[in-house]
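S.K.: just a sequence and a predicted model for now, questions to come.
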Amino acid sequence: MSDIAQNIKHVREQIKKANKDTRLIAVSKTKPVEMLQEAYDAGMRDFGENKVQEILDKYDKLPSDIRWHMIGHLQTNKVKYIADKVYMIHSVDSVKLATEISRRAIQAGRVIPVLIEINIGNEDSKFGIKPDELEDLLRQIADLEGIKISGLMCVAPYTEYAEENRVYFKQMKQLSVDIMQKNIDNVFMNVLSMGMSGDYEVASSEGATYVRVGTGIFGERDYNI
Ligand SMILES: *Cc1c(COP(=O)(O)O)cnc(C)c1O
């Protein structure tokens, strides 16, 4: 078995121990298509990218049944390039962006599932809205056609000790439960995208429906190539 296949197997085993309902997204940013193909051959179908250009570069070179997840900050003027390609957008954090996704999805004749990105650690360096801004944002975008508001996403603070992030994952879960109870039309909270290589087991055990694992599958990234 290749390293990639072995890593996937390991991550899947860990997830299964934590929460069998958690699904795995292989975060393939900066990695060449050959490595994605290896992961595909090992059974992966969900891939996460954080740059529009990278999705475009890889899209035609890989099998068409891959589900591409846009997990990075998305500029409004780039939505048009991926509206017909992405399976889900995890990083909605403004009315403006949601409105543009809606517009482009309608043009593409589809409904795009979107997640609202929450800056759960309240870090200046992170994208996303504050938890107390969520309800207001949802009420402003709930009526948009062409998008389905499916849940929440976060990038938890970097830590060497995964357990330190448990509190944030619990807050994310609670936030989604609280919002669900408000019964806002067209707002669904069945997706919770949280947990990365360093803390995916903890996120999974706290109710993640997707964990996004890059380094743990493909190895360290080299941003200088
Ligand atoms: C890069 C990235 C990941 C994966 O990070 P790893 O630590 O390599 O697993 C997950 N989510 C987002 C939004 C990312 O940008």
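M.R.: Cool, got the structure. Computed from a predicted model, the values in this text were never measured in an experiment.

S.K.: where does the prediction get shaky in this protein?
M.R.: Per-residue confidence for the chain (pLDDT under 70) gives these ranges: 225.

S.K.: ok so M88 is a strand residue?
M.R.: Yes - residue state for M88 (DSSP: H, G, I helix; E, B strand; the rest coil) corresponds to a strand.

S.K.: tell me the contacts of the spatially closest residue to it that is not a sequence neighbour?
M.R.: Of all residues not flanking M88 in the chain, P113 sits nearest, at 4.6 Å (Cβ to Cβ, 6 or more residues apart in numbering). No exception for glycine: its C-beta is placed from N, CA and C like everyone else's. With contacts defined as Cβ atoms under 8 Å, 6 or more residues apart in numbering, P113 is in contact with 87-89, 147-148, 150, 191.

S.K.: by neighbours, which of these wins?
M.R.: I89 (27 neighbours; other Cβ atoms under 10 Å).

S.K.: could you measure from that one over to the ligand?
M.R.: Shown here: I89 relative to the ligand, a distance of 12 Å by Cβ to the nearest ligand atom, to the nearest Å.

S.K.: now the residue nearest to M88, which residues is it bridged with?
M.R.: P113 forms beta bridges with K148, as assigned by DSSP bridges.

S.K.: and it, how far from H69?
M.R.: Distance of P113 to H69, given as Cβ to Cβ, to the nearest Å: 10 Å.

S.K.: residue ranges of the strands in this structure, please?
M.R.: 23-27, 46-49, 67-70, 86-92, 112-118, 147-154, 187-193, 210-213 (DSSP state E).

S.K.: can you put these in JSON lines and add distance to A98?
M.R.: What follows is the strands of the chain, written out as JSON lines (distance: least, Cβ to Cβ, whole Å):
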{"stretch": "strand 23-27", "distance to A98": "21"}
{"stretch": "strand 46-49", "distance to A98": "20"}
{"stretch": "strand 67-70", "distance to A98": "13"}
{"stretch": "strand 86-92", "distance to A98": "5"}
{"stretch": "strand 112-118", "distance to A98": "7"}
{"stretch": "strand 147-154", "distance to A98": "6"}
{"stretch": "strand 187-193", "distance to A98": "12"}
{"stretch": "strand 210-213", "distance to A98": "20"}
